[in-house]
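Q: this one's sequence-less:
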């Protein structure tokens, strides 16, 4: 499904609002990643995703191979955990 969403975006350049609980999926699909916390629901951080490129990263293998991946994933997990 991720490749399908990216293909549609590349063809249409339409805005997508995609909600996920999967950090890797957010890194693969999101140009912007908005991290939220509950009780009360609030935005913790709005991050511009440096890994989002028009066509270079197509799947999780390429995503995980990117040099910025580990640090950015760690930052997102820490934000979600409230650290």
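A: Nice, thanks for sending it over. Note that the structure is a prediction, hence the values are computed from the model and not measured.

Q: now for the longest helix seen in the chain, which elements pack on it?
A: Using DSSP state H to define each element, the chain has its longest helix at helix 69-81. Other helices and strands packing on helix 69-81, by 3 or more C-beta pairs under 8 Å, 6 or more residues apart in numbering; DSSP states H and E, are helix 23-29, strand 32-37, strand 42-48. C-beta: built from backbone N, CA, C; applies to glycine.

Q: of all the ones you listed, which one is nearest residue 63?
A: Closest of the helices and strands packed on helix 69-81 to residue 63 is helix 23-29, at 5.3 Å (criterion: C-beta to C-beta).

Q: returning to that earlier point: would you mind finding the most buried of the helices and strands packed on helix 69-81?
A: helix 23-29 (a mean of 20; mean count of other C-beta atoms under 10 Å).

Q: tell me how many other residues crowd residue 15.
A: Neighbour count for residue 15, taken as other C-beta atoms under 10 Å: 7.

Q: and it, which of the three is it?
A: coil (DSSP: H, G, I helix; E, B strand; the rest coil).

Q: sorry, back to before: now render the helices and strands packed on helix 69-81 as TSV, adding distance to residue 74 and mean pLDDT.
A: Output for the helices and strands packed on helix 69-81, formatted as TSV (distance: least, C-beta to C-beta, whole Å; pLDDT from 0 to 100):
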stretch	distance to residue 74	mean pLDDT
helix 23-29	10	90
strand 32-37	13	93
strand 42-48	13	94
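
Q: can you tell which of the ones you listed is closest to residue 6?
A: Nearest to residue 6, of the helices and strands packed on helix 69-81 and by C-beta to C-beta, is helix 23-29 at 6.8 Å.

Q: my guess is residue 5 contacts residue 14. True?
A: No: with contacts counted by C-beta atoms under 8 Å, residue 5 stays clear of residue 14, the gap being 10.9 Å.
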